Each structure stands twice: as structure tokens, then as C-alpha cells.
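> Structural data only, the sequence is not supplied:
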């Protein structure tokens with residue numbers, strides 16, 4: 001008997017199957033034999049379909065906001081597990097589980113897909129998250145090449161916050177932690193140059209002439225070889241006259257006031273300035 005072949009995401013629009021020659025009665029029999037489900041008389045889905053996609057299909061919407069970040073391979077803040085679903089503005093669907101977005105979309109979602117367009121995802125993130133956390137997602141989209149900076153600036157965003165993010169977000173951060181650090185410094189008037197090559201490799205941040213900031217994510221702690229390489233580079237930077245501060249996830253996310261105070265203390269001591277007559 002002919003089998004239904006679902007793509008890796010685990011679902012297909014019923015109309016797509018009918019357009020490839022499936023008759024309704026044959027489709028129903030194949031679904032029963034394969035243990036597939038039909039949601040909202042529209043989506044043919046695998047029984048183990050991702051719960052976020054299942055919520056969207058059941059409610060008649062698309063996965064959006066932080067729930068769509070995995071689909072695009074983006075960074076996202078911790079603790080955002082509730083499914084987010086965008087519905088048509090006049091939809092009557094309700095849910096005790098999902099966070100429902102009913103605002104007007106920035107653009108149309110891809111046809112016959114259960115994941116929202118990236119522009120709508122970013123707009124929803126802007127509405128749901130604090131500015132710094134939303135910036136993490138926006139900069140991730142740029143860094144991963146999902147969207148281009150020129151495109152973000154050209155989109156007709158519907159909110160002031162989204163327009164501000166389009167103007168602010170850049171593609172230089174290698175992690176969400178870097179985005180949080182640079183944004184946090186910017187908020188107290190401290191500029192940070194990113195990915196400046198010093199001693200043969202880029203540093204995460206350079207403040208002034210001589211204060212280097214390195215940000216350690218999870219991979220730094222799980223990869224001993226990379227850690228040794230980073231420590232060697234720290235020694236080289238110090239030998240060249242740089243002050244090196246190294247912060248990790250706990251520092252940036254949970255102890256930000258202390259991080260900010262340490263950096264400002266270093267600036268007060270002039271550790272970011274090159275000695276008079278010194279070569280840069």
C-alpha cells in the first residue's frame with residue numbers, strides 16, 4: 001500500500017498530499033495504517049510531533065516568538081518553555097497552555113508551514129521579552145545569517161521597540177552572553193568594540209585602548225583544549241600590556257551588577273588607557 005512520507009519536521013498540509021494524487025479515502029486508510037493523525041482537518045502529523053507544532057496546528061495558528069527560535073537555530077533566553085502561537089486577529093481559539101499572539105503580523109507566514117516568518121517571530125519576541133533579551137534573539141538572527149541587517153532596517157515594523165532593535169542589532173556577537181554584556185555596558189555609556197584582532201585572534205570586547213573582555217559560555221567549560229588556548233591568549237594579551245577580564249554565564253546573567261561595577265572600577269583606574277607614548 002502507498003505510504004505517506006512525512007518530512008523531518010513531522011507534518012504535512014493535507015492539501016499538499018491531495019495535490020500529489022492522494023484520494024481522500026486512500027489518504028484516510030494510509031493514515032490509519034501508519035498511526036498518523038489529522039489535526040483541524042488540515043494537518044497530517046506524526047504521533048510524536050513536537051508539542052509546540054501540535055499546539056499551533058490544533059489552534060489554527062503558527063509557532064512564533066521564543067518557541068520558534070529553535071526552528072531557526074537562534075539563541076534564546078533561559079526559562080522560556082511555554083509554547084507561543086500566533087493566531088489570526090479574529091480567531092476564537094483559546095488555550096490554557098499556550099501564549100497566544102493575536103496582533104497583526106508584519107508579513108505573511110510561509111504557506112502550509114507551522115512556523116512563523118522570521119519577521120513575525122522577531123516582532124513577537126520584542127513584545128514578549130525585555131529589550132536586552134529580545135536583542136539576544138535579534139542579534140542571533142543576524143549572526144546566523146537568517147536575516148540581513150539591511151533587511152531588518154527596511155521592514156515596516158509596527159512598534160517603536162522593534163524599530164529600535166532593527167537599528168541597534170548587529171552581527172558581531174558570538175553568543176547571547178556577548179550581546180547582554182555589550183548592551184549592559186552601552187546602557188551606562190561605555191562603548192565596546194567587538195571581535196578586534198589582538199595577538200593573532202579576535203577578542204570578544206575591547207574597551208578603550210587596553211581593557212579586553214572575554215566571555216565564556218558553556219563550551220568554554222566543556223572543552224579543555226579551548227580553555228587552554230584561551231588562557232594562553234590571555235597571557236599573551238597581558239604581556240602586550242592589556243588588562244584582561246574574563247566573565248562567564250553566571251557572572252553575566254546572575255551577577256550583572258558586580259560585573260558592571262568591576263568594569264567601571266577599571267575605567268576609573270584608567271586600565272582602559274594606553275600609557276603615554278605606548279604603541280597601540
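Alright, I've got the coordinates. Everything quoted here is computed from the prediction, not taken from an experiment.
> use CA for all of it now, contacts and neighbours both
Noted.
> in the stretch 151-280 of the chain, what spans have low per-residue confidence?
Within the stretch 151-280 of the chain, the ranges that satisfy pLDDT under 70 run 218-222, 276-280.
> quick one: the helices in it?
With helices called from DSSP state H, counting those that start in this stretch, the stretch 151-280 of the chain shows them at 160-168, 176-187, 218-222, 224-239, 249, 256-268.
> could the ones you listed go into JSON lines alongside distance to residue 201?
Listed next are the helices of the stretch 151-280 of the chain as JSON lines, based on distance: least, Cα to Cα, whole Å:
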{"stretch": "helix 160-168", "distance to residue 201": "25"}
{"stretch": "helix 176-187", "distance to residue 201": "17"}
{"stretch": "helix 218-222", "distance to residue 201": "16"}
{"stretch": "helix 224-239", "distance to residue 201": "8"}
{"stretch": "helix 249", "distance to residue 201": "22"}
{"stretch": "helix 256-268", "distance to residue 201": "22"}
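> Can you list the low-confidence ranges for the stretch 1-150 of the chain?
Filtered on pLDDT under 70, the stretch 1-150 of the chain yields the residue ranges 80.
> at 90 instead, please
1, 76-82, 89-90, 103-104 (pLDDT under 90).
> in it, which spans are strands?
Using DSSP state E, counting those that start in this stretch, the strands of the stretch 1-150 of the chain run over 11-13, 37-39, 43-45, 62-63, 84-86, 99-101.
> I'd like to know how far the nearest residue to residue 105 once chain neighbours are set aside sits from residue 200.
Take residue 105 and drop its neighbours on the chain: the residue closest to it by Cα to Cα, 6 or more residues apart in numbering is residue 120, 5.9 Å away. Using Cα to Cα, to the nearest Å, residue 120 is found at 40 Å from residue 200.
> More neighbours: the two, which one.
residue 120 (22 against 9; other Cα atoms under 10 Å).
> ok, the more buried one - contacts?
Applying Cα atoms under 8 Å, 6 or more residues apart in numbering to residue 120 gives the contacts 64, 65, 105, 106, 107, 109.
> ok, so of those, who is nearest residue 183?
residue 65 (20.9 Å; Cα to Cα).
> so who does the closest one touch?
Residue 65 sits next to 84, 85, 120, 121, 122, 123, 124, 125, 128 when contact means Cα under 8 Å, 6+ apart.
> Redo those residues as CSV? Include distance to residue 212.
Below are these laid out as CSV (distance: Cα to Cα, whole Å):
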residue, distance to residue 212
84, 39
85, 41
120, 36
121, 34
122, 31
123, 34
124, 35
125, 31
128, 33
